[in-house]
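**Student:** predicted coordinates and the sequence they were generated for:
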Amino acid sequence: MELRHLRYFVVVAEEQNITRAAARLHVSQPPLSRQIRDLEQELGVALFERSAQSVRLTDAGSAFLGEARAVLFRVDQAVDKVRAVATQCGGELRVGYAPSPTVELLPPALRAFNKALPRVKVVLHDMTGGEMLAGLNNDHIDLALIVRPALKASRGLNVEALREYHAGVVVPPGHPFNKRKSVTVKEVAAEPLVVYSLKDYPDYHEMLERVLGKAYKSARIVEECDGAMSLITAVESGRGISLSAESITCLAGLRVGFVPLSPSPEPMIVSMAWRKGVLNAQTQRFIDILRKVTVEVASKAKAR
């Protein structure tokens, strides 16, 4: 008998319906039914009376429900105690991130984490997407804040989407595009472009090629930058315009303008990723905080 058998049993008992229980547990219905039958077979008693519409506890099932809840409660208590001990003893959390895409989420998450676990040291690593994936797989970092990777590249990892940002162009003050509600890819490709360096940001150039399409090869790149702030400065000074996600406006403020693309390409999805089966107390707490911060940021953005 495993803990999942007890958790599944309790939810089915509470819902009195296999379909609703499966939806609540985020599993499909046939495996859930099999797990319940396996539990009944192991115990040697019927826990449910089944009908076409619902399931109801037998007398044995009602007696077992209280015991199952007590076991799960004790397990949850034990987990909380272990995590509390781990966080009180300090430790280290290693986070990989890319500055521009994460500027809305990372600072408030770090503040909340430091307040909750002041004795845990957070080590930040400014990395490309490829470096973050390698860092997770090699156990050099515990968590990555990353633009959602391809499915093949994320094998062995848990990847959870946090926030979407639409693509557009960053333009200097006084540029004609500033008066527009949107611009086309063809118009962007005709302008001098300021971009991130190919060596340091290969993911960005993949996005650039995807968005510009055939125009990518003929695009006039006038400057390559080693980071978001140098790119903003280059655009602000009139060197050219740049293709970027709207998250960059959180860094740039009023120094440059941002104009959406039309038609709008697929948004950039900022996600968090961590290794499957590897989750210490510090990482779990930071994940929980990131989820909460994401909801708060989205709520504030909607109110603006």
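**Tutor:** Received it, and whenever you're ready, just let me know what you need.
**Student:** residues in contact with Arg7?
**Tutor:** Going by C-beta atoms under 8 Å, 6 or more residues apart in numbering, Arg7 touches 25, 72. Backbone N, C-alpha and C define where each C-beta goes, glycine included.
**Student:** state the pLDDT value of it.
**Tutor:** Listed pLDDT for Arg7 reads 88.
**Student:** work out for me the element it sits within.
**Tutor:** helix 3-15 (DSSP states H and E).
**Student:** right, and the helix or strand after that helix?
**Tutor:** For helix 3-15, the following helix or strand on the C-terminal side (DSSP H and E) is helix 18-25.
**Student:** hey, C-alpha coordinates of the helix or strand just after that following helix in PDB?
**Tutor:** With elements assigned by DSSP H and E, the helix or strand that comes after helix 18-25 is helix 29-43. The C-alpha coordinates for helix 29-43 follow below in PDB (Å, rounded to 0.1, in the frame of the first residue of the first chain):
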ATOM      1  CA  GLN A  29     -10.400   8.000 -14.800                       C
ATOM      2  CA  PRO A  30      -9.300   4.400 -15.700                       C
ATOM      3  CA  PRO A  31      -6.000   4.500 -13.700                       C
ATOM      4  CA  LEU A  32      -7.800   6.000 -10.700                       C
ATOM      5  CA  SER A  33     -10.400   3.200 -10.800                       C
ATOM      6  CA  ARG A  34      -7.600   0.600 -11.000                       C
ATOM      7  CA  GLN A  35      -5.800   2.200  -8.000                       C
ATOM      8  CA  ILE A  36      -9.000   2.000  -5.900                       C
ATOM      9  CA  ARG A  37      -9.600  -1.700  -6.900                       C
ATOM     10  CA  ASP A  38      -6.000  -2.500  -6.000                       C
ATOM     11  CA  LEU A  39      -6.500  -1.000  -2.600                       C
ATOM     12  CA  GLU A  40      -9.600  -3.000  -2.000                       C
ATOM     13  CA  GLN A  41      -7.900  -6.200  -3.200                       C
ATOM     14  CA  GLU A  42      -5.000  -5.600  -0.800                       C
ATOM     15  CA  LEU A  43      -7.300  -4.900   2.100                       C
END
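**Student:** what packs against helix 29-43?
**Tutor:** Contact partners of helix 29-43 among helices and strands, from 3 or more C-beta pairs under 8 Å, 6 or more residues apart in numbering; DSSP states H and E: helix 3-15, helix 18-25.
**Student:** wait, what's in contact with Leu212?
**Tutor:** So Leu212 contacts 185, 188-189, 219, 243 (C-beta under 8 Å, 6+ apart).
**Student:** on that earlier part again, how about a markdown table for the helices and strands packed on helix 29-43, with distance to Leu39 added?
**Tutor:** Formatted as a markdown table, those follow (distance: least, C-beta to C-beta, whole Å):
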| stretch | distance to Leu39 |
| --- | --- |
| helix 3-15 | 5 |
| helix 18-25 | 13 |
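**Student:** most packed of these?
**Tutor:** helix 3-15 (a mean of 18; mean count of other C-beta atoms under 10 Å).
**Student:** so how far is that helix off the chain centroid?
**Tutor:** Distance, stretch centre to chain centre, for helix 3-15: 28 Å (C-alpha atoms, centre = their mean, to the nearest Å).
**Student:** quick one, that helix and helix 18-25 angle?
**Tutor:** 120 degrees (axes from the mean of the first three to the mean of the last three C-alpha atoms, to 10 degrees).
**Student:** check what pLDDT Glu224 gets.
**Tutor:** We have a pLDDT of 93 for Glu224.
**Student:** if I look at Gly243, how far off is Val170?
**Tutor:** Heads up, residue 243 is Leu, not Gly. Per C-beta to C-beta, to the nearest Å, Leu243 is found 8 Å from Val170.
**Student:** which of these two has more residues huddled nearby?
**Tutor:** Val170 (27 against 24; other C-beta atoms under 10 Å).
**Student:** pretty sure that one is touching Ser242, no?
**Tutor:** Yes: if you go by C-beta atoms under 8 Å, Val170 and Ser242 touch, sitting 4.5 Å apart.
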